[in-house]
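Chemist: The sequence and its predicted three-dimensional model are supplied below.
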Amino acid sequence: MLERMQILICGGTGCLSSDSKIIRDRLQELLRKKGLDDEVRLIMTGCFGLCEQGPIVVIHPDNVFYANVCKSDVRDIVNEHIIKGRHVKRLMVTDPDLKKKIADFSELKFYAKQKRIALRNCGNINPLDIKEYIANDGYFALGGLLRDQTPEQVIDIMKTSGLRGRGGGGFPTGLKWEFAAKAEDDEKYVICNADEGDPGAFMDRAILEGDPHSVLEAMAICGYAIGAKQGYIYVRAEYPVAVERLNIAVEQAREYGFLGEHIFDSDFTFDIDLRLGAGAFVCGEETALMASIEGERGMPRKKPPFPATSGLFGKPTNVNNVETFANVPVIFLKGTDWFRSIGTESSPGTKVFALGGKINHTGLLEVPMGTTLREIIYDIGGGIPNKKRFKAVQTGGPSGGCITAEHLDTPIDFDNLNELGSMMGSGGMIVMDEDNCMVDVARFYLDFTVNESCGKCTPCREGTRRLLDILNRICEGNGIPDDLRVLGLLCKLIHDSSLCGLGQTAPNPVISTLEHFRDEYEAHIFDKACPAGVCTELTTFTITDKCIGCTKCAQNCPVDAISGNQREKHFIHDDMCIRCGACKHACPVNAITTTINLKKEEENHV
Amino acid sequence: MKTLKELKQLRDETRKHMNMRQKGTQTRIQVGMATCGIAAGAREVVRRFMEEIERKDLSDVYVVQVGCMGECAFEPLVEIIDTDGTSTIYAEVNEAKASEIIAEHVVRGKRIDKYTLQKVKM
């Protein structure tokens, strides 16, 4: 074989949606035309993480990383790089600090600070080829422990490792396995919770798409440990790529004998089937998830009994999240000491975060627990675009809370986030800058929970609805002073009396914005003003004396509501203004303001 | 798949085809393949390198095409970068020389002085 080059093309959902499949096809076509198709192999991989810069193409052995590749760039890649060995500079990533193009992506700050365990194979192997997973020590953990260890020993290893559930709760995985193992029944189940519903989180999808076998192997390990013969992956139908690759992976694993009867010639028998969910947020709650697998309506029930004693079909069941499972094989391969050496004492290992919102490098990243928010946002995430000021970061999605600038240097782990009134959740991180109105943010998340509430219990069904009503009223300028008190009361009530985690945590965005940004609520209610200029009913755009008369605002105003001569201060006609914010965005000197502190600012300025 | 031994075999077999994706201590063979290099026969040289690597089952060597190396009169030029970072440039390489370079330089670690650019230029 004369294969001298391998081209890895990102086949994650992000890059696929910007045509990476077409790029692959065109590359193949052109390579064939040039007679190079036996020398160069094309491989579709999983997510590289730097989704914002996709589609991503990496060429080995040169180890050159191309970002933002278009269909039209294929010709240059083949003619220049593949044939002549000249790197296509314009497709390389620019290092923001050195201000120069770099080829090797491990030099990028985005990757340099990361530690990839759960994502170890994503972007590195072909997820459709089980052999590539095996080449990276795949199925060695399963094979090894089936030969050398008893189920009790396996559970001990999990307990010693200190791995905690990555789905949000942070419950020790080893303990969970032990509970299920101790329950006596001849029929038990392992479930992989792949119902990733948190808006803005997509790490589970990336793992399933990029490294499905790591989840299958871990589920088999879990099955051996607790004594289950059957596993289910509950994945949402909204992840068609993940479903397709999982199906292929399960087929291949059966073919190679990693699933089925007498795995590795032992007495252990285990198989996995997929169950597709319709995409309800509440089905990420384990009891609702199991109801959905059973064919019932996806609604939670009260706990106890916990799934470990009475779960799926009334049998002992262990439910873990995708990312949790993805960590398991590595722990057995590299040992618990190695795993505990990463992260913090109480939260060993790493965590994958999906970084989004007002951030330069949107994407997936995996860092050791204990990394500070500042490192994640400024070093890895590349900071906030347009030199805007950081306001807060929402972690844990609709169940979490916001963390403000004063806590940027807190090391992130399960316990610290809880103390800050937020939570790890599945690891979604939405960054907000000075242009975000925190009342509006709370309203956004509440709108989501209201839509996703299953309606079974009253506090969640009615309570969240009322919360949203009040928030809507405040944002529209009809808030009354008593709203603040009622909001607080209602939040506590919903939290204390809802049936499941979805309802109990639904008020969190309100509680935490009320705590950290009470002044914004007060501005909305008492001054009838939205300081960030988001709530249109409450926004008045004004041009301050900073104006240099460049006319950019007037040119960008869609309704011609701005008048003024060149090099003179401009003026906004409030009666015509539609409060779209285009002028504020266009102003090069930040002369257009919406803050209620306008007077003070002007005084300072003078 | 019944035993760990079988699994190991499959792993090592597959790894060979994935080696080039690993960054590490490997000998790098760079072949100048701009227009000048290709015209002088660099493509055949690359093929020979690949064949030799395959035949000798070398896993810690990889071949890279690079652009014009500047001395167009002495193409095909081949630069070998050893694991310790030392670089040797061979000039006017043909298929026979390529086989020799693999056998002597890459496998036995002995530089072939008579083929180096300095010697050829003299």
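Modeler: Thanks, I have the structure now. Residues are numbered from 1 along each chain as shown, chains lettered A, B, ... in the order given.

Chemist: okay, CA-based contacts and neighbour counts for the rest of this
Modeler: Fine.

Chemist: Was I right to think residue A:364 contacts residue A:380?
Modeler: No. With contact defined as C-alpha atoms under 8 Å, residue A:364 and residue A:380 do not form a contacting pair (10.2 Å).

Chemist: Would you mind listing what in chain B touches chain A?
Modeler: With C-alpha under 8 Å from any C-alpha of the partner chain as the criterion, chain B meets chain A at residues B:1-4, B:7, B:10-15, B:18, B:20-21, B:32-35, B:47, B:50-51, B:54, B:62-67.

Chemist: The lengthiest helix in chain B: what's the following helix or strand?
Modeler: Counting residues, the longest helix found in chain B (DSSP state H) is helix B:42-56. Per DSSP states H and E, the first helix or strand lying C-terminal to helix B:42-56 is strand B:61-66.

Chemist: okay, that following strand in PDB with CA atoms only?
Modeler: Extracted in PDB, the C-alpha atoms of strand B:61-66 (Å, rounded to 0.1, in the frame of the first residue of the first chain):
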ATOM      1  CA  VAL B  61       9.000   6.900   9.600                       C
ATOM      2  CA  TYR B  62       6.800   9.100   7.600                       C
ATOM      3  CA  VAL B  63       7.000  10.700   4.200                       C
ATOM      4  CA  VAL B  64       5.900  14.300   3.600                       C
ATOM      5  CA  GLN B  65       5.800  16.300   0.400                       C
ATOM      6  CA  VAL B  66       7.100  19.800   0.600                       C
END
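
Chemist: what comes into contact with it?
Modeler: For strand B:61-66, the surrounding residues in contact (C-alpha atoms under 8 Å, 6 or more residues apart in numbering or on different chains) are A:4, A:61-62, A:82-86, B:20, B:26-34, B:46, B:49-50, B:53.

Chemist: Run through the chain and note the low-pLDDT ranges.
Modeler: Using chain A. Applying pLDDT under 70 to chain A picks out residues A:1-2, A:96-97, A:595-606.

Chemist: You answered for a different chain; I wanted chain B.
Modeler: Low-confidence regions of chain B, defined by pLDDT under 70, span residues B:23-25.

Chemist: Let's see that with 80 instead.
Modeler: Low-confidence segments of chain B (pLDDT under 80): B:1, B:19-26, B:34, B:59, B:65, B:67-69, B:121-122.

Chemist: Please identify the helix or strand for the residue of the stretch 351-500 of chain A found nearest chain B.
Modeler: Relative to chain B, the nearest point of the stretch 351-500 of chain A is residue A:366 (19.7 Å; C-alpha to the nearest C-alpha). Using DSSP H and E, residue A:366 sits within strand A:363-368.

Chemist: what's the following helix or strand after that strand?
Modeler: Following strand A:363-368 in sequence order, the next helix or strand is helix A:373-374 (DSSP H and E).

Chemist: And the next helix or strand past that next one?
Modeler: strand A:390-395.

Chemist: who does that next one touch, helix- and strand-wise?
Modeler: For strand A:390-395, the packing partners by 3 or more C-alpha pairs under 8 Å, 6 or more residues apart in numbering or on different chains; DSSP states H and E come out as strand A:401-404, strand A:428-433.

Chemist: Identify each buried residue in it, please.
Modeler: Of all the residues in strand A:390-395, those buried under the rule 16 or more other C-alpha atoms under 10 Å in any protein chain shown are A:390-395.

Chemist: what sits up against stretch A:582-593?
Modeler: Contacts of stretch A:582-593 from elsewhere in the structure, counted by C-alpha under 8 Å, 6+ apart, are A:541-548, A:552-554, A:556-558.

Chemist: and that stretch, how far apart are its ends?
Modeler: Counting by C-alpha to C-alpha, to the nearest Å, you get 12 Å between the two ends of stretch A:582-593.

Chemist: Enumerate the positions of stretch A:266-279 that are buried.
Modeler: Buried residues in stretch A:266-279, counted by 16+ other C-alpha under 10 Å: A:268-272, A:274-277, A:279.

Chemist: So which of those residues reach chain B?
Modeler: Judged by C-alpha under 8 Å from any C-alpha, the overlap between the buried residues of stretch A:266-279 and the neighbourhood of chain B is nil.

Chemist: what separates stretch A:141-156 from the chain centre, distance-wise?
Modeler: Its chain's average C-alpha position is 32 Å from that of stretch A:141-156, according to C-alpha atoms, centre = their mean, to the nearest Å.

Chemist: Endpoints of that stretch, how far apart?
Modeler: For stretch A:141-156, by C-alpha to C-alpha, the gap between its terminal residues amounts to 15 Å.

Chemist: Could you report the neighbour count for residue 80?
Modeler: Looking at chain A here, since you left the chain open. The number of residues packed near residue A:80 is 17, by other C-alpha atoms under 10 Å in any protein chain shown.

Chemist: Not quite, go with chain B.
Modeler: Residue B:80: 23 surrounding residues under other C-alpha under 10 Å.

Chemist: what helix or strand is it on?
Modeler: strand B:78-81.

Chemist: Tell me which residues of whichever helix or strand comes after that strand come out buried.
Modeler: Following the chain from strand B:78-81 toward its C-terminal end, the next helix or strand by DSSP H and E is strand B:87-90. When neighbours are counted by 16+ other C-alpha under 10 Å, the buried residues of strand B:87-90 are found to be B:88-90.

Chemist: tell me which of those residues is nearest to chain A?
Modeler: When the buried residues of strand B:87-90 are compared for distance to chain A, the smallest value, 16.9 Å, is given by residue B:89; criterion: C-alpha to the nearest C-alpha.

Chemist: Look up how far residue B:90 lies from the nearest residue to the closest one once chain neighbours are set aside.
Modeler: Take residue B:89 and drop its neighbours on the chain: the residue closest to it by C-alpha to C-alpha, 6 or more residues apart in numbering or on different chains is residue B:79, 4.3 Å away. Taken as C-alpha to C-alpha, the spacing of residue B:79 relative to residue B:90 amounts to 6 Å.

Chemist: repeat for residue A:59
Modeler: Distance, residue A:59 to residue B:90, by C-alpha to C-alpha: 25 Å.

Chemist: Report all helices and strands that the longest helix of chain B contacts.
Modeler: Other elements packing on helix B:42-56 under the criterion 3+ C-alpha pairs under 8 Å, 6+ apart are strand B:27-32, strand B:61-66, helix B:95-101.

Chemist: a markdown table please, covering those and showing mean neighbour count and distance to residue A:230.
Modeler: Below are these laid out as a markdown table (neighbours: other C-alpha atoms under 10 Å in any protein chain shown; distance: least, C-alpha to C-alpha, whole Å):
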| stretch | mean neighbour count | distance to residue A:230 |
| --- | --- | --- |
| strand B:27-32 | 24 | 47 |
| strand B:61-66 | 23 | 44 |
| helix B:95-101 | 18 | 55 |
